[in-house]
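Would you be able to build a 3D model of this:
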Amino acid sequence: MSSLRHIIETPAKWLDGTGEESEIILSCRVRLARNLDRTPFPHRAKPAAMKKTLASLKEALAECPSMKKAVAIDLGAITPSERMLLLERHLISIDMTQNHKNRALVVLKGEGMSAMINEEDHLRLQSISSGFSAAEAFTRLDRLDGELDDRLDFAFSDTLGYLTACPTNVGTGLRVSAMVHLPGLVHNKDISQVIKGLSNVRLAVRGMYGEGSNAMGNMFQISNSITLGVSEGETVSSLESYLRKVLEFEKKARETLLKKARSLLEDKICRAHGVLKTARLVTSREAMDLMSAVRLGIGLGIITDVSISRLNELLVMIKPLHLQQLHGRPMEPDERDRVRADYIRSRLGGS
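Presented below is the predicted three-dimensional model:
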């Protein structure tokens, strides 16, 4: 557990709630897929080849100024529960919790920058920032990409661009996403129309953990789905443009809710606040729903004694594996619900 201690003890920097529009847009994340030239992709590579790739990429990352003082975590050398903890931190993929041999995570303290080695591609670089900050996150990642390009030969086609294991990433290999909180659109039943509109402009809308995950606590991920025939800069600016429209729709939905049912909305928000500060048993889903209401209350100025950064911290720290690691033992669901309620009360100053 020593290699993960710095992660479990300190909330990630992107949770600090300092970015623009951070109540609605929790964070922006940028990922780049890169592969070594003339080297089998991980799903076709033999163990010896994957081991060689792992060593060369760890060495290259260690030489990059952008990854100075990063920690390398061998996924095959940690426990299944520790891998699940990294998943809860949005640092590795679901696939890497199971397929972990000759795979690693390289991560900076604060978790603003990280790299998955030998996932679907040889390298999955990630940059994540608080609030409406896609351009900022991309600038950091683009710098790291350039540093690696000086040290490695990437698989590249003059016709197609960067070559990737999945055809949907061919081209720039760039995925830009934002985690957004949209309770107004959900309550007004406009969310389906917004999702349809975004899909029409080739943006994907998923749950908190990306593809295959469900939306919880009115949280959604919005990301680009096209990487071929469009530049990296255009991808970032396009997503930011549509995010501003989503922001506008969400704010209008909230105004409508206040006009139509202010008392009911305030009652729901204050009840959620009260439950979180007094409950003795709370499931993950219930906690997410209650925190969504409190988050909305902060945005509307109804809740003034809870910070966005505190709610962001809770989003991660009340996950099952985080609770177990904090207490140093496995727990049955009932015990986790009790410990989760205790932790929330302690962080919100409840009874």
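
Work out the gap between the longest strand along the chain and the centre of the chain.
Taking DSSP state E as the criterion, the chain has its longest strand at strand 25-34. In terms of Cα atoms, centre = their mean, to the nearest Å, the centre of strand 25-34 is found 8 Å from the chain centre.

what does stretch 70-87 give?
Worked out by Cα atoms, centre = their mean, stretch 70-87 lies 17 Å from the chain centre.

Mind listing what's buried along that stretch?
70, 72-75, 78, 82-87 (16 or more other Cβ atoms under 10 Å). No exception for glycine: its C-beta is placed from N, CA and C like everyone else's.

List the contacts of the following helix or strand past the longest strand of the chain.
Counting by DSSP states H and E, the next helix or strand C-terminal to strand 25-34 is helix 47-63. The contact list for helix 47-63, computed with Cβ atoms under 8 Å, 6 or more residues apart in numbering, reads 36, 39-40, 42, 45, 67, 70, 72, 101-104, 106, 115, 117-118, 122-123, 147-148, 151-152.

so what's the nearest residue in space to residue 227 that is not next to it in sequence bridging to?
Excluding its sequence neighbours, the residue lying closest to residue 227 (Cβ to Cβ, 6 or more residues apart in numbering) is residue 171, at 4.1 Å. Bridge pairing for residue 171 (DSSP bridges) gives the partners residue 162.

from what I can see residue 171 touches residue 229, true?
Yes: assessed by Cβ atoms under 8 Å, residue 171 is found in contact with residue 229 at 6.6 Å.

Between those two, which has more neighbouring residues?
Shown here are residue 171 and residue 229; by other Cβ atoms under 10 Å, residue 171 has more neighbours (22 against 10).

In contact with that one, which residues are there?
160-162, 226-230.

Going through the residues you listed, which ones are buried?
Members of the contacts of residue 171 classed as buried by 16+ other Cβ under 10 Å are 161-162, 226-227.

For residue 324, grab the count of nearby residues.
18.

Run through the residues that contact it.
Residue 324 touches 81, 330-331, 336, counting by Cβ under 8 Å, 6+ apart.

try 6 Å this time
330-331 (Cβ atoms under 6 Å, 6 or more residues apart in numbering).

What pLDDT is listed against it?
Listed pLDDT for residue 324 reads 91.

and the gap between it and residue 103?
23 Å (Cβ to Cβ, to the nearest Å).

how is the chain carved up into domains?
The chain breaks down into these structural domains: 2-250, 261-348 (assignment by automatic domain parsing).

I'd guess residue 76 is in a helix, am I close?
Yes: under DSSP: H, G, I helix; E, B strand; the rest coil, residue 76 falls within a helix.

Can you report phi and psi for residue 186?
When read as degrees, to the nearest 10, the backbone of residue 186 gives phi -70, psi -50.

returning to that earlier point: could you check the angle the longest strand of the chain makes with helix 47-63?
Angle of strand 25-34 versus helix 47-63, following axes from the mean of the first three to the mean of the last three Cα atoms, to 10 degrees, is 120 degrees.

Now do the contacts for residue 92.
Taking Cβ under 6 Å, 6+ apart, one finds 86, 105, 116 in contact with residue 92.

Flag the least confident of those residues.
For the contacts of residue 92, the pLDDT minimum is residue 86, 94.

Got phi/psi on that one?
On the backbone of residue 86 - angles per degrees, to the nearest 10 - the values are phi -60, psi -30.

Residue 184 too?
phi -60, psi -50.

from memory it sits against residue 253, does it?
Yes: with contacts counted by Cβ atoms under 6 Å, residue 184 reaches residue 253, the gap being 3.2 Å.

Between those two, which has more neighbouring residues?
Per other Cβ under 10 Å, whichever of residue 184 and residue 253 has more neighbours is residue 184, with 25 against 21.

In the chain, which helix is the longest?
Criterion DSSP state H: the longest helix present in the chain is helix 232-278.

next SSE after it?
helix 284-299.

how many other residues sit next to the closest residue to residue 36 other than its chain neighbours?
In this structure, residue 36 finds its nearest non-sequential neighbour in residue 122, 5.2 Å apart by Cβ to Cβ, 6+ apart. Residue neighbour count, defined by other Cβ under 10 Å, stands at 27 for residue 122.

Over to residue 242?
So residue 242, with other Cβ under 10 Å, has 16 neighbours.

That one and residue 249: what is the separation?
Residue 242 is 10 Å from residue 249, by Cβ to Cβ.

I'd guessed residue 177 sits against residue 224; true?
No: counting by Cβ under 6 Å, residue 177 stays clear of residue 224, with 7.8 Å between them.

who's more crowded, those two?
Set side by side, residue 177 and residue 224 show more neighbours around residue 177, with 24 against 21, by other Cβ under 10 Å.

The helix or strand containing that one packs against which elements?
Taking DSSP H and E as the definition, one finds residue 177 inside strand 174-181. Helices and strands touching strand 174-181, by 3 or more Cβ pairs under 6 Å, 6 or more residues apart in numbering; DSSP states H and E, are strand 25-34, strand 219-224, helix 232-278.
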